[in-house]
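Trainee: Give me coordinates for this.
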Amino acid sequence: MAEMREVTNSASETRALGERIAAGLRPGDVVLLEGDLGAGKSELTRGIARGLGVTETVTSPSFTILNVYESGRYPLYHFDWYRLESSEELYELGMDEYLGGDGIAVVEWPGQCPDALPENAIRIRLEPTGEHTRRIEINGTDEKERT
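Mentor: Have a look, this model is predicted:
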């Protein structure tokens, strides 16, 4: 999943892209979702969850900071760091242990705690280009780097 550009034309296409991304994810992977409010970060996460076999309803962790889903083939740790002021809060809450752990971590608003991010994270930038259209750029770990 080295570098990829996609355009989706609906929320369902964004979720389908998430499912395809999930097929290449392994435990310990960290996926960083960047984009403004309404860019499609939660829809992409729902697709990743579905691709991992998560059966629970995936909701945005806006107020809880972290939602954990354990019904898939790997645990999914869905973060929303929008309300965090610094990485210290993340460490104080003990949530840093989920980054690079036994599951897949998906982080919305990673710019809030840049010093907590692993170097080998997969970065996905979502940009609305129309009411339902999104341009999605994926820059991630190359398979050769993962062995």
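
Trainee: Please count neighbours and contacts with C-alpha atoms only from this point.
Mentor: OK.

Trainee: Look up the pLDDT of the nearest residue to Ile65 once chain neighbours are set aside for me, please.
Mentor: Nearest residue to Ile65 in three dimensions, chain neighbours excluded: Asp80, at 5.0 Å (C-alpha to C-alpha, 6 or more residues apart in numbering). Among the per-residue scores, Asp80 holds a pLDDT of 91.

Trainee: Identify the bridge partners of Asp80.
Mentor: Glu108 (DSSP bridges).

Trainee: Wait, it touches Ser62, no?
Mentor: Yes: Asp80 lies in contact with Ser62 (C-alpha atoms under 8 Å); the separation is 5.5 Å.

Trainee: neighbour-wise, which of these two wins?
Mentor: Neighbour comparison, Asp80 and Ser62: the larger count goes to Asp80, with 23 against 14 (by other C-alpha atoms under 10 Å).

Trainee: Pick out the residue nearest the middle of the chain.
Mentor: With distances taken as C-alpha atoms, centre = their mean, Val106 lies nearest the centre of the chain, 2.9 Å away.

Trainee: what mean pLDDT does stretch 51-58 have?
Mentor: On average, stretch 51-58 scores 94.

Trainee: and that stretch, how far apart are its ends?
Mentor: Terminal residues of stretch 51-58 are spaced 12 Å apart (C-alpha to C-alpha, to the nearest Å).

Trainee: Give me the distance between the residue nearest to Ile65 and Pro110.
Mentor: To Pro110, Asp80 is 8 Å away according to C-alpha to C-alpha.

Trainee: All the helices of this structure, in order from the start?
Mentor: Counting by DSSP state H, one finds helices in the chain at the ranges 11-22, 41-52, 87-92.

Trainee: I'd like to check the angle between the second one and helix 11-22, please.
Mentor: Spelled out, it's helix 41-52. Angle, helix 41-52 to helix 11-22, by axes from the mean of the first three to the mean of the last three C-alpha atoms, to 10 degrees: 50 degrees.

Trainee: Tell me the buried residues in the lowest-mean-pLDDT helix or strand in the chain?
Mentor: Sorting the helices and strands of the chain by mean pLDDT, DSSP states H and E puts helix 87-92 at the bottom, at a mean of 86. By neighbour count on 16 or more other C-alpha atoms under 10 Å, the buried set for helix 87-92 is 87, 90.
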